[in-house]
Structures are given as structure tokens and as C-alpha cells.
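> predicted model and sequence follow; I will ask about them next.
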Amino acid sequence: MSVTCRYRAQDKHPTIFSDIYQSEINIAIWQRKLSATLQDSVKTFLTLNPTFQTKMILTPEDAFSRVSESFNNNMTEVSEDIAELVDMFCYLFELKEAAMRMKVLDRAMCPKFHVDRVPCRLVTTYQSIASEWLPHEVLDHTKLGWGSNELPDSKSGLYKSESDIQQLGCGDVALLKGTLWDGNENVALVHRSPLLPANEKRLVLTLDFN
């Protein structure tokens, strides 16, 4: 069953992505669980490639072969998954290609809450904890960026309570509206990278318009 509220839509089926076109939605979440074989292959790959990162421009037609090559033809299931996401992303937004970034992280890449200067970004995490975000209704947008007066998010007044913070699950795929989405300058999704436990590595994929 899909769950839709102002600014958020989520469901266990990828058709939820079409809800991103609704003006009141700024995050659409496909809730899913990664298979055990996929998780095992990621764990093995990261053990052997602890600093892996890649970025490339992909089309739906070449995504599988090029991503698979970047993995040295390991992680076939992950390559298939990324190719499927590229196909969905390009179809949904009528794009011929998408800008893909994939990176192993051992710390929060963007530890403060922020918005992205993009039309819409796809984000998913293949290992470890996933991105955190804030519902629009709990926010004081004047406390973003310089408005925080260099205070940490927990003390700046950006949100009222730690319970306001929402978090994606590992494997979830989310579409995050940015400030360049038409008419979305002041209601882009506010999010951040999570703090990672010691000695843990996170594998994150993003797709952007190109």
C-alpha cells in the first residue's frame, strides 16, 4: 500500500516515482529490501576495493556493460540493478542519459542538512545506513546554511526534535527534488549524509540530470 502525505510519497513498488510530478511532493521513496546475494557481493567487493569510486554518463543502453566493467565484472546483480535504475530515471524524466556517481564512504560526505541545486536526484545506498531527511513542515528554512550561524543542526533551530529526522533504509531508492525543479526553489528536500559507525563503509549511488 502506498503512503502519501504532503511532501512525501512512499510505496513498495517503483511506480511511486511518478508521484514526484505532484507539486506538493518533494521526496518519492521506493521501499525495498536488497537480496542476500547482492549484499554479500557488495561486502566482498568493498573488502577488496575499500576506496572505490566512479562517475560516468550512462544511457539506458550502455549502463549495464559500462558499470559492470567498472566493477571488473564483479557484482553482476548490482550492475543489473543500476542499469534498471538508469532506465527508470531516464524514462521518468524523458532523458537520453544520466550522470552517475558511486562512492565508498567511511564518513559523512555532507554531514549538515542542506538542499541540492539540481532538478531532481536519485539516491540509494547498497551498504550500511542511508540518507537522513527532514519533513518540510518541521523546518525553519532560515536556519539552513549561513543561517545556522555555524551552529550544529541540533542546536541551530533548524528542527525541533531529533524525532523529526527521517531516514531511508538501506536499499530504498529515493527521488529528491532540488531547488532547480520548476517552482521548487523554497521547498527542496532538506537532507544529509548519516554519521557512520566506526570502521563501517557505506556504498552510495546517485543519478542526476545531465
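On my side now, so go ahead. Numbers count the residues shown, from 1 in each chain.
> mind listing the residues bridging to L176?
Listed by DSSP bridges, the beta-bridge partners for L176 are I27, R121.
> I figured L158 hits L144, correct?
Yes - between L158 and L144 there is a contact under CB atoms under 8 Å: 6.6 Å. No exception for glycine: its C-beta is placed from N, CA and C like everyone else's.
> comparing the two, which residue is more hemmed in?
Neighbours per residue (other CB atoms under 10 Å) separate L158 from L144, with L158 holding more: 23 against 18.
> any idea how far R192 is from the closest residue to that one other than its chain neighbours?
Nearest in space to L158, with sequence neighbours left out and distances taken as CB to CB, 6 or more residues apart in numbering, is K143 at 4.0 Å. K143 is 13 Å from R192, where distance means CB to CB, to the nearest Å.
> what sits against the most centrally placed residue in the chain?
The centre of the chain sits closest to V123, judged by CA atoms, centre = their mean, with a distance of 1.9 Å. Shown in contact with V123 (CB atoms under 8 Å, 6 or more residues apart in numbering): S131, L168, V173, A174, L176, V204, L205, T206.
> so of those, which ones are in strands?
Those of those mapping onto strands are V173, A174, L176, V204, L205, T206, per DSSP state E.
> for those residues, which one is nearest V104?
Proximity of those to V104 (CB to CB) peaks at V204, which lies at 8.2 Å.
> my guess is that closest one contacts L122, does it?
No - applying CB under 8 Å as the test, V204 and L122 come out as separate, 11.1 Å apart.
> comparing those two, which residue is more hemmed in?
Neighbour count, other CB under 10 Å: between V204 and L122, L122 has more, with 24 against 20.
> tell me who's in contact with the more buried one.
If you count contacts by CB under 8 Å, 6+ apart, L122 has them with L85, F89, V173, A174, L175, L176, L205, T206, L207, D208.
> how does it look with 7 Å?
Residues in contact with L122 (CB atoms under 7 Å, 6 or more residues apart in numbering) are L85, F89, V173, L175, T206, L207.
> which pLDDT value belongs to V3?
pLDDT recorded at V3 is 56.
> also E185?
E185 is given a pLDDT of 79.
> surely it is in contact with H141?
No - with contacts counted by CB atoms under 7 Å, E185 stays clear of H141, the gap being 10.8 Å.
> fine by me, thanks again.
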